[in-house]
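just to be clear, the model below is a prediction. Sequence and coordinates:
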Protein chains: 2
Amino acid sequence: MLYFDIKEYKSRIEKTKKRMAAEGIDVLFISQPANMNYLIGYDGWSFYVHQGIIVSADQEEPIWVGRAMDANGARLTTFLKDENIFSYSDDYVQSKIKHPMQVVAGIIREKGWENKTIAVEMDQFYFTHRCFIELEKALPDAKFKDGNILVNKVRLIKSDKEIEFMKKAGKIAEKVMEAGINAVNVGIRECDAAAEISYAQIKGTEEFGGDYPAIVPLMMAGEGTSTPHLTWSDRKFQNNEAILLELSGVYKHYHAPIARTIYLGEPPKLMRDTVDVVIDGLNKTLEFIKPGITCEEVEAKWREAISHSTVVKESRLGYSIGLNYPPDWGEQTVSLRPGDKTVLQPNMAFHIIPGIWYKEVGFEVDASVRITENGYESLYDFPIELFIKK
Amino acid sequence: MLYFDIKEYKSRIEKTKKRMAAEGIDVLFISQPANMNYLIGYDGWSFYVHQGIIVSADQEEPIWVGRAMDANGARLTTFLKDENIFSYSDDYVQSKIKHPMQVVAGIIREKGWENKTIAVEMDQFYFTHRCFIELEKALPDAKFKDGNILVNKVRLIKSDKEIEFMKKAGKIAEKVMEAGINAVNVGIRECDAAAEISYAQIKGTEEFGGDYPAIVPLMMAGEGTSTPHLTWSDRKFQNNEAILLELSGVYKHYHAPIARTIYLGEPPKLMRDTVDVVIDGLNKTLEFIKPGITCEEVEAKWREAISHSTVVKESRLGYSIGLNYPPDWGEQTVSLRPGDKTVLQPNMAFHIIPGIWYKEVGFEVDASVRITENGYESLYDFPIELFIKK
C-alpha cells in the first residue's frame, strides 16, 4: 500500500538525516502526521492518541511507536521491518498515571540513545506540553532541541511524483468547485451544498479516487463573509448575498486548494469594485512568479498591484502546500509575506489566496501553483472570476 | 448563531469556575476547540493556528484570543462583548520570532493576572510545548498548573438540550450507516462508498442538517480489518472480505458514533463465531447498564460475558462522548476499562465499541447510549448484527 517507490521514502529519510546532522541532532522524534506519512508512508486516523516516529542517525530505518491496535496499520501502510514497529498497551491511552511518551523514552533508552541530542517538534499540534515533560523526566541525560519544522522543510521542494499527485488533486479540485457552484442557490440549505462538495472531494474522478481534506469545506455566507473559517449550518442561502467557498481537491493527502466566490443576485458596487481589484492584483502577481525571486517579492508585487485601490490585505498572501493532514493543509514552512526571503525554486508549490474579509464585503479567489523551470503552472484549470447566479 | 440559550453557557462557565476554585486555579487558558465551543459557543475551523479562551475567577466573561481574521468569527458565533475579543496580527502566524502566546501573556498582564495561578491544558493537542515555553517566559511570576481535562469533566454530564442534540446526531447516524451498507458492494471503489457516507453525514435529515465528524469515515476492508483506523482508497471491494465501518452522525458538533461490519459473500466459521460472541457480549453488557454502577464494572460485565470464548479484547470497551472537534470524538474523561471507578449517572453518554481487530478476523459493532434514570437508551435505532451481502 505504499504510495511512492521505496527509494523515494529512503531519499526523504536521507535528506532528513542530513538536516539533523547539520543542526547537531542525533535523534528526532516526529509526531506530525504529514511528516510521519512523508518519511515512512504511515497512514491512518490514529493521531488522536499519541504516536510518532523516531529517526536516529545511528539506525537506517525509523521506528514507529503507537497504540497497540494501530501497529497492524503500521505493518500495512509502511515499509518498516517488524522489529521497528513498537507499540504501547491500551492502558496508556488518556491515563492519569501512564503516558505514551514513557514508552517512547523506553525505546530510546533500549537503543542506547538516552544521552544523545534529541529533537522534538516543539510547536506542532500532536506534540503536547505533557509529551515534552514526560520525555524530559524519563531521559534526564538527553539534550533536547527544537526540530519543529525540520521535516516540513524537506517537504518544501516536491518530487515529480509528488507534483503528479498534486495535479491529480487539482483535477479533483475542478470537480469539487464545480459541484459547489452548482449546488449553491437561493433557498438551498448550506448543509446540502456542503454535502455535494464533500461527495465530490471523496469520490474524485473515474480514474482515481479523492481523499479527505485537511480542512473541511469552508463556507461563509451573508454576514459570515467577514471572516474566513466558518463552516455550514442548515440555514438557507438567500438572495443578494455572497458565498465564499474555500475547498480543496485531495489525492492521497496531497492538496490543491481552490477558493471562489458566488453572488446570488446583482452584486453591489463595492463588491464589484473589490472583485476587479483583487482579480487584477492576483493576475499581475501570477505573471510575476518565477524561480529566483523571493516570497516577499511576490507579496510586494501583489501589494503594488492593488496600491491604487482602497483594498488592504493585512494577512499573508499565501503559503507552501503539498502533503497534509487535519487540521491544516499549509506546510508551515514559507509564507508569501514581508520578511520571508525564501527564494522560489522549481517544484515548490503555493496556495495564493488574496482573501478579503471585511465587515462590508467578503471576496475569495485563489490559485494553487507549482513553480516550474521558467515560471509557474496552475494545479487546476478554473476561471478566476466572481460567479454570479441570478 | 448561538446553539444554546445564553443561560446554559453561563451555567457551564460557572461550573468551570467552581472547579477552578476547588483546584486553586485563578486563570484557565483553554485551547481545545470543543471546550471553547462549550463555554462561549465559538465555532470555526481556525484551530490550525494558535487560539484560545481565558477564563478568570476575576471576570464574569471569558476572553477569546485568536488570529485577527477570525475575530469576526468570534463576534458572529459567541455572546462575548467586543471588549473581550482580542486578536493577534498575521505576522504572529508560524513566525520564527513572534508567537501568539506572547499576545495571550500580554492580555494576562494587562488584566493584572500575571502573578496568579494559571492553568493550561497540558496534554491537549492545540496546546504545544512551545505554547507553554512562551507563556512561562512572558509570565515569570505566574504559577502554572495543569488544567488538562478540567472543562472536559464539566462536559461529562449533559444537559437535556445536549441530549436532544445527540439524539439528532443519532437520527443522522441511522442514515449514515444505511448509506454505507447500501454503498459497499463487490466491485465498488472504497472512495465511492466513503463519498456516499460523507454525503449522508453532512446532509443530515430533511428537518436538520448534519455537521462534520471529528473523525472521518473509518473503513477497513480485507486485511485492513486487522486494525481500526484506516481510511478509504480507490481499491475495489472484493468478494469474500469483511468491511468495517466506524462512522458517526453529527449535529452541531455533537456525535453519535456508529460502527457495523459488512461481509461480502459467505462469512467463514471464525467470523461467524466471533460475531456471535461479540454481539452476545455487547447485549449482555447493555442490559447491565444503569446509574450507580462504575465504568470498570461495565467492562467487567463484558469480559465475563465473553469469558467462555476465545475472544480477547485488550483495549478499552468504550468512552464518554458528546461535543467534539477533530481529531477525536472521545471526551477524554472516562473510559469503560479496569481501574476507572467513575459512577454512571443520568445524562452521561458513552460509545461502547467491542471492536476486534485480529490478523485472522476483524469485527466491529457498537452502541452509543445515554444513561437514563433507570438504565440506558440508545441514541439510534439500528440492528446489532453482521450485514451479509452475497
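Cool, got the structure.

other residues contacting stretch A:286-294?
Outside stretch A:286-294, the residues that touch it by C-beta atoms under 8 Å, 6 or more residues apart in numbering or on different chains are A:297-298, A:301, A:340-346, A:352, A:367, A:369, A:371-376. C-betas here are computed from N, CA, C, even on glycine.

show me the residues you listed that map onto helices.
A:297-298, A:301 (DSSP state H).

and which of the residues you listed is nearest to B:Asn72?
Among the ones in helices among the contacts of stretch A:286-294, A:Val298 lies closest to B:Asn72 (C-beta to C-beta), at 26.6 Å.

got a list of what that closest one touches?
Contacts of A:Val298 (C-beta under 8 Å, 6+ apart): A:285, A:288-289, A:317-318, A:336, A:344, A:352.

repeat for A:Thr205
Going by C-beta under 8 Å, 6+ apart, the list of residues near A:Thr205 reads A:168, A:171-172, A:175.

so which bits of the stretch 201-350 of chain A are right by chain B?
Residues of the stretch 201-350 of chain A lying close to chain B (C-beta under 8 Å from any C-beta of the partner chain) are A:201-204, A:208-212, A:215-216, A:218, A:223-224, A:226-234, A:314-316, A:319, A:326-328, A:330, A:332, A:335, A:337-339.

select only the buried ones of these in PyMOL?
Only the buried members of those enter the following PyMOL selection, criterion being 16 or more other C-beta atoms under 10 Å in any protein chain shown:
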select buried, chain A and resi 201+202+203+204+208+209+210+211+212+215+216+218+224+226+227+228+229+230+231+232+233+234+315+316+319+326+327+328+330+332+335+337
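
okay, and which of the residues of the stretch 201-350 of chain A next to chain B map to strands?
Per DSSP state E, strands hold the following members of those: A:218, A:319, A:330, A:332, A:335.

identify the bridge partners of the last one.
On the basis of DSSP bridges, A:Ser335 takes part in beta bridges with A:Tyr319.

so for stretch A:101-113, mean pLDDT?
Per-region confidence: stretch A:101-113 scores 98 on mean pLDDT.

state which helix of chain A is the longest.
Longest helix in chain A, counting by DSSP H: helix A:160-183.

for that helix, which positions count as buried?
Under 16+ other C-beta under 10 Å, the buried positions of helix A:160-183 are A:162-163, A:165-181, A:183.

cool, and stretch A:337-347?
A:337, A:340, A:342, A:344, A:346-347.

show me where chain A has helices.
Under DSSP H, chain A gives helices at A:6-22, A:33-40, A:71-77, A:100-110, A:129-138, A:150-155, A:160-183, A:190-203, A:269-288, A:295-305.

just so I know, which of these lies nearest B:Ala195?
helix A:190-203 (4.0 Å).

which elements pack onto that closest one?
Under the contact criterion of 3 or more C-beta pairs under 8 Å, 6 or more residues apart in numbering or on different chains; DSSP states H and E, helix A:190-203 touches helix A:160-183, strand A:218-221, strand A:241-251, helix B:190-203.

quick one: average pLDDT of that helix?
98.

can I get the CA coordinates of that helix in PDB?
The C-alpha trace of helix A:190-203 is given here as PDB (Å, rounded to 0.1, in the frame of the first residue of the first chain):
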ATOM      1  CA  GLU A 190     -25.900  25.300   3.300                       C
ATOM      2  CA  CYS A 191     -25.500  21.700   4.500                       C
ATOM      3  CA  ASP A 192     -26.900  20.300   1.300                       C
ATOM      4  CA  ALA A 193     -24.300  22.300  -0.700                       C
ATOM      5  CA  ALA A 194     -21.600  21.200   1.600                       C
ATOM      6  CA  ALA A 195     -22.700  17.500   1.200                       C
ATOM      7  CA  GLU A 196     -22.400  17.800  -2.600                       C
ATOM      8  CA  ILE A 197     -18.900  19.300  -2.200                       C
ATOM      9  CA  SER A 198     -17.700  16.600   0.200                       C
ATOM     10  CA  TYR A 199     -19.100  13.900  -2.100                       C
ATOM     11  CA  ALA A 200     -17.100  15.300  -5.000                       C
ATOM     12  CA  GLN A 201     -13.900  15.600  -2.800                       C
ATOM     13  CA  ILE A 202     -14.000  11.900  -1.800                       C
ATOM     14  CA  LYS A 203     -15.300  10.400  -5.000                       C
END
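
picking that back up, out of the ones in strands among the residues of the stretch 201-350 of chain A next to chain B, which is nearest to chain B?
A:Gln332 (5.0 Å; C-beta to the nearest C-beta).

contacting residues for the closest one?
With C-beta under 8 Å, 6+ apart, A:Gln332 has these contacts: A:149, A:152, A:319-320, B:94.

got these as TSV, with distance to B:Ala68 and pLDDT columns?
Shown next, in TSV, are the contacts of A:Gln332 (distance: C-beta to C-beta, whole Å; pLDDT from 0 to 100):
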residue	distance to B:Ala68	pLDDT
A:Ile149	23	97
A:Asn152	24	98
A:Tyr319	16	98
A:Ser320	21	98
B:Gln94	14	96
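
scan the residues you listed and report the most crowded one.
B:Gln94 (26 neighbours; other C-beta atoms under 10 Å in any protein chain shown).

and the pLDDT for the residue nearest to it when sequence neighbours are not counted?
In this structure, B:Gln94 finds its nearest non-sequential neighbour in A:Gln332, 5.0 Å apart by C-beta to C-beta, 6 or more residues apart in numbering or on different chains. If you check A:Gln332, the pLDDT there is 97.

what of A:Met1?
78.

swap in A:Val312?
pLDDT, A:Val312: 89.

mind checking how far it is from chain B?
Taking C-beta to the nearest C-beta, to the nearest Å as the measure, A:Val312 falls 12 Å from chain B.

repeat that for A:Glu134.
9 Å.

contacts only, for that residue.
A:99, A:101-102, A:105.

top of the residues you listed by neighbour count?
Busiest of the contacts of A:Glu134 [other C-beta under 10 Å] is A:Met101, holding 29 neighbours.

go through the ones in strands among the residues of the stretch 201-350 of chain A next to chain B and name the one nearest B:Ala256.
When these are compared against B:Ala256 (criterion: C-beta to C-beta), the nearest one is A:Leu218, at 24.6 Å.

how many neighbouring residues does A:Leu2 have?
A:Leu2 has 13 nearby residues by other C-beta under 10 Å.

which ones are touching it?
A:9, A:41, A:77-79.

ok, the residue positioned nearest the centre of chain A to B:Glu299 distance?
With distances taken as C-alpha atoms, centre = their mean, A:Trp329 lies nearest the centre of chain A, 1.8 Å away. Counting by C-beta to C-beta, to the nearest Å, the separation of A:Trp329 from B:Glu299 is 39 Å.
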